[in-house]
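**Q** need a structure here:
(2 chains)
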Amino acid sequence: GAVVSQHPSRVICKSGTSVKIECRSLDFQATTMFWYRQFPKKSLMLMATSNEGSKATYEQGVEKDKFLINHASLTLSTLTVTSAHPEDSSFYICSARVPRRGNEQFFGPGTRLTVL
Amino acid sequence: AQSVTQLDSHVSVSEGTPVLLRCNYSSSYSPSLFWYVQHPNKGLQLLLKYTSAATLVKGINGFEAEFKKSETSFHLTKPSAHMSDAAEYFCVVSPYNNNDMRFGAGTRLTVKP
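**A** I've put the predicted structure just below:
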């Protein structure tokens, strides 16, 4: 149990376009999901906490207008990178907490975004 | 405030020899501690976690870690390395029942034949 999926696994886009990444909890309902960014050979950086039915909470330094997060249902959160630029190229990973199982987070497989 | 320091950015061992990946933490609360493994271009897989129960925690694939409060450490060990253990390992700290998970910088484990 506690499986988290992401789609797409890999995306290449042109500079200036927007890209949407989906994060789904497959076998549980997740009121809270998290979005991380990972640069090559670096650790994970928390970007934002996504709460079902309310606005996301962004970490300091993360542009909320650049990285739009929507958590419209208990099993789906989306991250949209708007007007993407090459510096947005990165590995984006989402995670979710299982209710009543403490603070362990279950991670998706990640999405590799390349902006040309 | 909470933070994690992984003392080695890269560890190289020979197959069949012991593995030691070091992690020190800082936390204002009674922490939960985790070790995750990440293979190239893959998501993270939980190896083991400590949540204020037994201080010696056994995980998957023969890994274990010991929580030492006096040393604020949570080092990851394995008696005998396998080629498939080559990956990036992250130590993570989180106050119990708190959203905040803080990742260490990661340790890249190389296993030589």
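**Q** Bridged to the residue nearest in space to the middle of chain B, which residues?
**A** Nearest to the geometric centre of chain B sits residue B:35, at 3.5 Å (CA atoms, centre = their mean). Judged by DSSP bridges, the bridge partners of residue B:35 are residue B:48, residue B:91.
**Q** who touches it in this structure?
**A** Shown in contact with residue B:35 (CB atoms under 8 Å, 6 or more residues apart in numbering or on different chains): B:21, B:23, B:46-49, B:59, B:63, B:65, B:74, B:76, B:89-92. C-beta here means a position set from N, CA and C on the backbone, and glycine is covered the same way.
**Q** Tell me the bridge partners for residue A:77.
**A** Under the criterion used (DSSP bridges), residue A:77 bridges to residue A:23.
**Q** what's the neighbour count on it?
**A** Residues within reach of residue A:77, counting by other CB atoms under 10 Å in any protein chain shown, total 30.
**Q** need the residues of chain A near chain B, please.
**A** A:6, A:32, A:34, A:41-46, A:49, A:91, A:93, A:97, A:102-110, A:112 (CB under 8 Å from any CB of the partner chain).
**Q** which ones among the residues you listed are found in helices?
**A** Residues of the residues of chain A next to chain B located in helices (DSSP state H): none.
**Q** Any stretches of chain A with poor pLDDT?
**A** Residue ranges of chain A with pLDDT under 70: A:1, A:102-103.
**Q** Spell out, range by range, the strands that occur in it.
**A** A:4-7, A:10-13, A:19-25, A:32-38, A:44-51, A:57-58, A:67-73, A:76-81, A:90-97, A:105-107, A:111-115 (DSSP state E).
**Q** Any chance of a markdown table for the ones you listed, columns distance to residue B:27?
**A** Shown next, in a markdown table, are these (distance: least, CB to CB, whole Å):
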| stretch | distance to residue B:27 |
| --- | --- |
| strand A:4-7 | 26 |
| strand A:10-13 | 36 |
| strand A:19-25 | 27 |
| strand A:32-38 | 19 |
| strand A:44-51 | 16 |
| strand A:57-58 | 21 |
| strand A:67-73 | 27 |
| strand A:76-81 | 27 |
| strand A:90-97 | 19 |
| strand A:105-107 | 17 |
| strand A:111-115 | 30 |
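**Q** Please identify which of those strands is closest to residue B:8.
**A** strand A:44-51 (18.1 Å; CB to CB).
**Q** on that earlier part again, now list the buried members of the residues of chain A next to chain B.
**A** A:6, A:32, A:34, A:43-44, A:46, A:49, A:91, A:93, A:97, A:103-110 (16 or more other CB atoms under 10 Å in any protein chain shown).
**Q** Tell me the residue in chain A that is farthest from the middle.
**A** Extreme point of chain A relative to centroid (CA atoms, centre = their mean) is residue A:100; 22.0 Å.
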